[in-house]
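Novice: Dropping the sequence and predicted coords here.
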Amino acid sequence: MADVSPTIVWFRRDLRLSDHAALAAAVARGGAVIPVFLSDHTVDALGAAPKWRLERGLAALMAALEEKGTRLVLRAGPAREVIPELVRETGAGAVFWQRAYDPASVERDTDVKARLKDDGIEARSFEGHLLFEPWTVATKQGGYYKVYSPFWREVKHREVPAPVAAPSQLAAPARWPESAALEDWQLGAAMNRGGAVLEHYVSAGEAAALARLGTFMRDGVAEYGETRDRLDMEGTSRLSGYLSLGEISPARCWHAGLRAEAEGKAGAGKFLSELAWREFAYHLMWHTPHILEENWREDWRAFPWKEDRRLREVRLWEQARTGMEVVDAALREMYVTGYMHNRARMIVASYLTKHLLVHWRIGQAWFDDCLIDWDPAANAMGWQWVAGCGPDAAPYFRVFNPETQAEKFDPKGAYRRRWIAEGQAEPPRTARDYFEAVPRSWGLDPAADYPEPVVSARDGREAALAAYEARDF
């Protein structure tokens with residue numbers, strides 16, 4: 001269809017070819033399709049590990065597009081300038097993309113759409129990063145849900161469109177616009193020597209995501225309800241990193257869960273409900289965007305959190321030397337692999353915000369920098385849930401005891417031995433890798449004595465309860 005102008009498909013956190021509504025619409029429109037990724041302020045704001053992981057995801061997407069006989073155009077700069085420039089360079093008549101929901105992206109996309117439409121260019125955004133658009137889920141009174149359980153009851157029987165296959169071919173333009181080289185962006189530079197360690201633990205791209213989903217549905221989902229909280233077992237789906245960058249769609253995961261449930265696999269229902277927790281986080285971010293930066297509950301805004309990141313206890317927490325083995329093991333797992341088990345995230349967050357009484361924003365920022373599955377909505381909601389200041393939060397008096405949590409979810413200490421080298425004559429590679437990944441300036445030595453607790457489980461709990469009870473909630 002040579003008479004149809006090209007369509008620019010603006011990729012963002014949707015680095016896949018299948019079940020991609022914007023890409024499918026571009027193919028249906030006819031004419032050439034010009035895939036584009038833009039490094040703008042939203043990319044600049046990413047932490048070291050998410051940016052490193054983005055580079056791997058982009059490389060995988062570029063390879064997948066090359067297999068289709070096309071390519072990914074890379075540009076850097078403000079979207080409000082770069083996207084219209086690409087339209088003029090290519091003669092594109094349309095720009096399509098899949099929606100983002102964080103405030104910075106919404107503001108950007110609204111501005112770009114208005115500018116394109118003023119220029120007579122078709123500009124369309126599509127769903128695909130979520131199962132349910134946040135504004136479509138409402139209480140009977142027309143408001144938004146503040147508690148997960150009724151949210152789950154509202155959405156669990158909703159129909160989710162089945163995922164669609166990747167296009168069989170993508171028509172290339174007669175002339176390609178200029179593109180930056182991915183390696184010149186140096187997205188992984190901030191990881192320093194930790195990047196080489198992380199490489200051993202990470203796979204990227206849509207093919208890897210689909211393989212992981214298949215393995216989990218075959219081998220893991222049936223026992224998911226029983227094993228998902230065990231730190232010493234591979235009981236989780238490990239799909240979060242792929243979902244974060246959109247290398248797999250939540251709809252594909254949802255339908256895989258429905259099939260498993262229909263097959264009688266007991267853990268499938270719990271898996272579906274955990275996908276809905278991700279939806280709930282976006283629901284909250286959309287309706288109350290202050291959750292990303294402020295205490296969600298107003299009555300917590302005067303709580304006397306410690307907010308100085310230079311404090312000794314904060315530094316020891318970041319360096320995974322709190323003296324609480326399960327806390328340190330989890331933080332080291334994150335530093336080495338870019339991932340942390342969900343149960344461990346709760347234990348780690350509770351220790352920081354309750355035992356140490358440090359502001360949850362400090363922990364949120366550390367996770368922002370260290371997690372390859374970083375997600376703005378999930379990270380903010382998770383930290384506020386544990387701290388007690390968020391929606392559907394754990395009550396302030398619920399203080400996770402790291403010692404009893406370890407006994408319950410790592411009963412034989414396998415998880416702790418996997419990540420803590422001190423005290424082991426022959427520590428495994430996973431534990432040794434932590435010392436290869438951390439900055440040399442930290443001066444850490446695997447042969448050193450394991451540190452004493454910054455604060456004991458009992459003393460930390462008592463201090464937390466005293467501080468909370470002094471407040472008039």
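Specialist: Sure thing, it's come through.

Novice: So Phe96 belongs to a helix, correct?
Specialist: No: under DSSP: H, G, I helix; E, B strand; the rest coil, Phe96 falls outside any helix and is assigned strand.

Novice: Please tell me how far it sits from Ala123.
Specialist: Distance, Phe96 to Ala123, by C-beta to C-beta, to the nearest Å: 8 Å. All C-beta spots, glycine's among them, are computed from the backbone N, C-alpha and C.

Novice: CA atoms only for stretch 178-194, dumped as PDB, please.
Specialist: Extracted as PDB, the C-alpha positions of stretch 178-194 are listed here (Å, rounded to 0.1, in the frame of the first residue of the first chain):
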ATOM      1  CA  GLU A 178      19.100   8.300  11.200                       C
ATOM      2  CA  SER A 179      19.500   6.300  14.500                       C
ATOM      3  CA  ALA A 180      21.700   6.500  17.400                       C
ATOM      4  CA  ALA A 181      23.800   3.400  18.300                       C
ATOM      5  CA  LEU A 182      22.600   1.700  21.500                       C
ATOM      6  CA  GLU A 183      26.200   1.200  22.800                       C
ATOM      7  CA  ASP A 184      26.800   5.000  22.600                       C
ATOM      8  CA  TRP A 185      24.000   5.600  25.100                       C
ATOM      9  CA  GLN A 186      26.000   3.700  27.800                       C
ATOM     10  CA  LEU A 187      22.800   2.800  29.600                       C
ATOM     11  CA  GLY A 188      24.600   0.300  31.800                       C
ATOM     12  CA  ALA A 189      27.500   2.500  32.800                       C
ATOM     13  CA  ALA A 190      26.300   3.400  36.300                       C
ATOM     14  CA  MET A 191      26.500  -0.300  37.200                       C
ATOM     15  CA  ASN A 192      30.300  -0.200  37.100                       C
ATOM     16  CA  ARG A 193      31.800  -3.500  37.900                       C
ATOM     17  CA  GLY A 194      28.400  -4.800  39.100                       C
END
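
Novice: List the buried residues of that stretch.
Specialist: Buried residues in stretch 178-194, counted by 16 or more other C-beta atoms under 10 Å: Leu182, Trp185, Leu187, Gly188, Met191, Gly194.

Novice: Averaged pLDDT, it. What do you get?
Specialist: Here stretch 178-194 scores 97 as its mean pLDDT.

Novice: Same check on stretch 227-244?
Specialist: Mean predicted lDDT for stretch 227-244 stands at 97.

Novice: how far does that stretch sit from the chain's center?
Specialist: 13 Å (C-alpha atoms, centre = their mean, to the nearest Å).

Novice: Next: stretch 256-273.
Specialist: On C-alpha atoms, centre = their mean, the centre of stretch 256-273 falls 23 Å from that of its chain.

Novice: That one spans what distance, first to last residue?
Specialist: The first and final residues of stretch 256-273 sit 13 Å from each other (C-alpha to C-alpha, to the nearest Å).

Novice: Can you give me the buried ones in it?
Specialist: Taking 16+ other C-beta under 10 Å as the criterion, stretch 256-273 shows Ala256, Gly257, Leu258, Ala260, Glu261, Lys265, Gly267, Ala268, Gly269, Phe271, Leu272, Ser273 as buried.

Novice: ok, the buried residues of stretch 178-194 vs Gln319, which is closest?
Specialist: Gln319 lies nearest to Gly194 out of those, by C-beta to C-beta, at 13.3 Å.

Novice: what's the closest non-adjacent residue to that closest one?
Specialist: In this structure, Gly194 finds its nearest non-sequential neighbour in Ala437, 4.0 Å apart by C-beta to C-beta, 6 or more residues apart in numbering.

Novice: Okay, the one you found and Asp111: tell me how far apart.
Specialist: 39 Å.

Novice: neighbour-wise, which of the two wins?
Specialist: Per other C-beta atoms under 10 Å, whichever of Ala437 and Asp111 has more neighbours is Ala437, with 19 against 13.

Novice: List the contacts of that one.
Specialist: Taking C-beta atoms under 8 Å, 6 or more residues apart in numbering, we find Ala437 in contact with Arg193, Gly194, Val197, Leu198, Tyr335, Val336.

Novice: Cys370 now?
Specialist: Contacts of Cys370 by C-beta under 8 Å, 6+ apart are Gly47, Ala48, Ala49, Met334, Tyr335, Gly338.

Novice: Now it. Its backbone dihedrals?
Specialist: Main-chain dihedrals, Cys370, degrees, to the nearest 10: phi -110, psi -20.

Novice: Likewise for Phe37?
Specialist: Torsion angles, degrees, to the nearest 10, at Phe37: phi -120, psi 140.

Novice: Next one: the residue nearest to Gly194 from Ala414, what distance?
Specialist: From Ala437 to Ala414 the distance is 21 Å (C-beta to C-beta).

Novice: Distance-wise, check Leu54 relative to Val348.
Specialist: Leu54 sits 24 Å away from Val348, taking C-beta to C-beta as the criterion.

Novice: what separates the nearest residue to Ala414 once chain neighbours are set aside from Asn342, distance-wise?
Specialist: Leaving aside its chain neighbours, Ala414 sits nearest to Asp232 (4.1 Å; criterion: C-beta to C-beta, 6+ apart). Distance, Asp232 to Asn342, by C-beta to C-beta: 14 Å.

Novice: next one: Asp118
Specialist: From Asp118 to Asn342 the distance is 45 Å (C-beta to C-beta).

Novice: What of Ala470?
Specialist: Ala470 is 31 Å from Asn342, by C-beta to C-beta.

Novice: Pick out whichever of these two has more residues nearby.
Specialist: Counted by other C-beta under 10 Å, Ala470 and Asn342 do not tie: Asn342 has more neighbours, with 16 against 9.

Novice: show me the contacts for the more buried one.
Specialist: So Asn342 contacts Arg228, Asp229, Thr236 (C-beta under 8 Å, 6+ apart).

Novice: Keep only those of these that are in helices.
Specialist: Among the contacts of Asn342, DSSP state H puts none in helices.

Novice: ok, of those residues, which one's closest to Lys68?
Specialist: Of these, the one sitting nearest to Lys68 (C-beta to C-beta) turns out to be Thr236, at 32.2 Å.

Novice: so that closest one sits right up against Gly225, yeah?
Specialist: No: taking C-beta atoms under 8 Å as the definition, Thr236 is not a contact partner of Gly225, at 11.6 Å.

Novice: Tell me which of these two has more neighbours.
Specialist: Comparing Thr236 with Gly225 by other C-beta under 10 Å, the one with more neighbours is Thr236, at 20 against 17.

Novice: Nearest residue to that one in space, please, no chain neighbours.
Specialist: Thr236's closest residue in space is Arg228 (C-beta to C-beta, 6+ apart), at 5.5 Å.
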